Structure formats: structure tokens, C-alpha cells
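S.K.: my questions are about this predicted structure, shown below with the sequence.
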Amino acid sequence: MPVRILSLTFQELEKWLVNEMGEKAFRAKQIFTWLHFRRVRSFSRMTDVSLALRSRLEETAEITVPRRESAAEAPDGTVKYLLSLPGGPAESVLIPDPPRLTACLSTQYGCRMGCRFCMTGSAGFHGNMTADEIVSQLYTMAEGSRNRISNVVLMGMGEPMDNWESVAAALDIMSHDRGICIGQRKITVSTVGIPGGIAKLIDLKKQYGLAVSLHSAVESVRRSLIPVASALTLPELKEDMLRYTEATGRRVTLEYCLIRGVNDSLSHASALAAYASGLPCKINLLIYNPVPGLEWERPPETAVKEFTEFLYPRCQAVTLRRSRGGKVAGACGQLGASVLEDPARKPGFPVS
């Protein structure tokens, strides 16, 4: 099988070129730059690499090139991409919020967390993405944008901590100074909180951001929304987040999706304020985005206003984020819809 060369970190590429290809270590700098800074799609375009080595690369390695099936732009400028990758189709989102331009990447085909209000969770799990499948989403969106992508969030399809080896490699590749060079502090990893997940992020000893999908600070409610939450209690999750803030000096982002009649009351706001106490964090409030076939509803504006105003004087930082891309099913919790619409024409993504 050809080597999926976009999956190799700089260190892995250097080791492979020296040990397997018999080349000098400096070749890694040349090839990594061609792949991740210039983002060529063919070894033949690497003009400062010898013809002999280019020929050998053609024989032993491959560059992952996603096929863009569609790009749907919402009225707010958000663009949702449907891409065909080696492991199947996936959705990614490009979100303009001047001066930032944020790429929301997927890390799995579907998701096994089973969050009950999420389209991706309802699609089930169909496999992990490799590092090249993760980073190639970013490169494809960068090609289609007139402006430079400044931020990356791993908040698309999948749970990043459930595919850690590939995610860690992708983080290293995206932030490397010989590549696309997204700053570590401009990359955020999202998680629902699974045992040992945040510890792995800490162990990288980097400055990547952490966002935790909380959605309720009431244990029973959180478990009803996120079945895997039973594996890590709220106090245990808070301890993990405190270790992250101590190790990095950065605040955690608590993601909280307001769902009508489920977690939008003032008693839930009080529980959230109490949970956030003592934790260096900022709270992102989201309003639920309807998903076809699911019974959950958006809360009324009055409830959103009361919830937000309760938190403001009691928490360090609170932001009510109006979801972007809802008109094209590209907002939080909606990814996976177009993949499920016509699985017959998208091989590699079986629907159970």
C-alpha cells in the first residue's frame, strides 16, 4: 500500500525518508514545505527535488486529494463542504467572522458518542479519519477561499479524543512552521469529555485550546443528553479541566447548547454558574439547531435572555453565539445531514 504521505508529521517524514528511502534528512524540509505550505497535489511539481526521487515518491507514496461534492453557502457567508475522502464522505464548514476565518474540521466518519440532540450522533459511527483526511479538509477549504484561514476548530463530525493518534498528528502538521502554520493558540480541540482524553492533550505540552461540550451542569440531565457522560462524572471532568488550565495557563471554553424545556431554566443556569466557579473558563451559549427527525426544540428568546443575564454577573465570561450556517445545515449538531440523504451515491459510508 502506498504511504499516505500527508499523514506523516515532519519528524515522521524525515525518519521515513532517511530509513526507508535512503535519502538525506534535508529532503524532509523540501517535501514537507511542498506538501503543507505550497500544498501541491502531485510530486511532479516539486521542482527542487530530483527527478529520481520524485519518481520514487510516485511509486511509494500518495497525496490525499479530497473530491469536493458540493459547497453550500448560507446567507451569513458560512460555507458547508461535502467532501469525498478515502474513507468516505464528510462535512466541513468554513465560518467567516472578520477578522477571523475559521475552519471547522471533522475527525471521524460519524460519531460513537451518541449525543441525543445531534445529527452526527444519530448517524452512528463508521470509522476514524487518518491524519491526512483531517488536514486535507483544511487544505481543500483554503483553496476555495480568497482569505487566509486564521483559526481551526475540531468540532465537526466525530469526537477528537476518540481518534487521538490521528488527531495529534494532524495538530502537529497544521501548526508546523514549515506548513500552513496555524498558530497553536488558534487551534481548538473539542470534546464531550471521555476518560483520559484531556490528559492526552495536556501531555502534548502545547498551547492548543480546549472546548468541552457540557450542555448541562446537572449530572442526570447531562447523561440523558450525552450517554457517554456516565463514564466521567461532572466533578471528574472539572478536575481534568483544572489540570489543563494549570498546565497551559489557558481558559477552557464550556459549550452549552440551550434546548427548550431540557436545560434552559434558571435552575440550570444556577447549576452552570456553580459548576464554573473556580474554573478559569469562558462559557459559549448556543441555541439549539433543529435536526429533522429529532424532537428537541429551540428555546424562546425570553428564556435565552433570562438564562444569559443570570450568568453574566456570576461568571468570568459569557458569550451568546448565534449559530452560523443553519440555513445549509452547517451549524453545530447538524453535520451529517447531506451524507445521510443519499448514501447510495457515497460509497464507504454505510447507514445502519
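M.R.: Noted; the coordinates are in hand.
S.K.: which strand is the longest one in the protein?
M.R.: When the chain is parsed with DSSP state E, its longest strand is strand 88-97.
S.K.: list of residues touching whatever helix or strand comes next after that strand?
M.R.: Remark: after strand 88-97, the chain's next helix or strand is strand 100-104, criterion DSSP states H and E. Outside strand 100-104, the residues within contact range by CB atoms under 8 Å, 6 or more residues apart in numbering are 92-96, 137-138, 141-142, 145, 147-153, 155-156. Using the backbone N, CA and C atoms, a C-beta is placed for each residue, glycine as well.
S.K.: I only care about these that end up buried; give me the PyMOL line for that.
M.R.: In PyMOL, this line selects whichever of the contacts of strand 100-104 come out buried by 16 or more other CB atoms under 10 Å:
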select buried, resi 92+93+94+95+137+138+141+142+149+151+152+153+155+156
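S.K.: picking up where we left off before, note down every partner strand of the longest strand of the chain and its orientation.
M.R.: Applying DSSP bridges, strand 88-97 is found paired with strand 79-85 (antiparallel), strand 100-104 (antiparallel).
S.K.: check the offset of the shortest one from the chain's centre.
M.R.: Same thing as strand 100-104. Its chain's average C-alpha position is 11 Å from that of strand 100-104, according to CA atoms, centre = their mean, to the nearest Å.
S.K.: buried set for that strand?
M.R.: Buried, per 16+ other CB under 10 Å, within strand 100-104: 101-104.
S.K.: any idea which of those is closest to Leu6?
M.R.: The closest of the buried residues of strand 100-104 to Leu6 turns out to be Ala103 (CB to CB; 15.8 Å).
S.K.: if I look at that closest one, how far off is Met155?
M.R.: 10 Å (CB to CB, to the nearest Å).
S.K.: for this protein, just list every one of the strands.
M.R.: For the chain, the strands defined by DSSP E cover 3-4, 61-62, 67-73, 79-85, 88-97, 100-104, 108-110, 125-128, 151-154, 187-191, 209-213, 252-258, 281-287, 318-321.
S.K.: make a markdown table out of these and add distance to Pro299 and mean pLDDT.
M.R.: Output for the strands of the chain, formatted as a markdown table (distance: least, CB to CB, whole Å; pLDDT from 0 to 100):
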| stretch | distance to Pro299 | mean pLDDT |
| --- | --- | --- |
| strand 3-4 | 44 | 97 |
| strand 61-62 | 48 | 97 |
| strand 67-73 | 27 | 89 |
| strand 79-85 | 24 | 92 |
| strand 88-97 | 23 | 91 |
| strand 100-104 | 24 | 95 |
| strand 108-110 | 28 | 90 |
| strand 125-128 | 29 | 88 |
| strand 151-154 | 24 | 97 |
| strand 187-191 | 22 | 98 |
| strand 209-213 | 18 | 98 |
| strand 252-258 | 5 | 96 |
| strand 281-287 | 7 | 95 |
| strand 318-321 | 12 | 90 |
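S.K.: just the ones you listed: most buried one?
M.R.: strand 108-110 (a mean of 26; mean count of other CB atoms under 10 Å).
S.K.: list the contacts of that one.
M.R.: Strand 108-110 has contacts (CB under 8 Å, 6+ apart) with 87-90, 120, 123-129, 157-159, 162-163, 336, 348-349.
S.K.: now what about stretch 136-150, what contacts it?
M.R.: Residues outside stretch 136-150 that contact it (CB under 8 Å, 6+ apart) are 6, 39, 64-66, 68, 71, 79, 81, 83, 85, 90, 92, 94, 96, 99-103, 105-106, 152, 156, 174, 180, 182, 186.
S.K.: which helix runs longest in the protein?
M.R.: As assigned by DSSP state H, the longest helix anywhere in the chain is helix 234-248.
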